[in-house]
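**Student:** Show me how the following folds:
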Amino acid sequence: MQEHAVKRTAGNKLVVAVRVTPQIEQRLRLLAEITGRKQSFFLQQMIESGIGSIEATWLPPDVLSQVRSGTMPPRQEASAVISDLFDGH
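**Tutor:** Next comes the predicted model:
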């Protein structure tokens, strides 16, 4: 499994880098400019509103039920159970 550097802010929020196409970047920039909000605000909104659907698509049913019930195993156990979901995709 591939390890990634994790950076957290003082508020313990995860900082991530995402590669997007120039078209998506332009749309995101336009949203930010017109609304006066930061691009990160819209990325956060997209993640929060879409993660449930992505989990339902990619997680095995037993893991999904644990996530939704709040009884998700610690990361080390989960990574042993769940292989890299994007491996070969």
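
**Student:** In the helix or strand hosting Glu33, which residues are buried?
**Tutor:** Using DSSP states H and E, Glu33 falls within helix 22-35. Neighbour-count burial for helix 22-35 flags Leu28, Ala32 (criterion: 16 or more other Cβ atoms under 10 Å). Backbone N, C-alpha and C define where each C-beta goes, glycine included.

**Student:** who touches that helix?
**Tutor:** Val20, Arg37, Lys38, Gln39, Phe41, Phe42, Leu43 (Cβ atoms under 8 Å, 6 or more residues apart in numbering).

**Student:** who are the neighbours in contact with the fourth one?
**Tutor:** Residues near Gln39 by Cβ under 8 Å, 6+ apart: Leu28, Arg29, Leu31, Ala32.

**Student:** do that again at 7 Å, thanks
**Tutor:** Leu28, Arg29, Ala32 (Cβ atoms under 7 Å, 6 or more residues apart in numbering).

**Student:** Next one: the second one from Thr71, what distance?
**Tutor:** Between Arg29 and Thr71 the computed distance is 40 Å (Cβ to Cβ, to the nearest Å).

**Student:** what ranges of this protein fall below the confidence cut-off?
**Tutor:** Filtered on pLDDT under 70, the chain yields the residue ranges 1-7, 10, 76-89.

**Student:** For it, which segments count as strands?
**Tutor:** Along the chain, counting by DSSP state E, strands occupy 7-8, 14-15.
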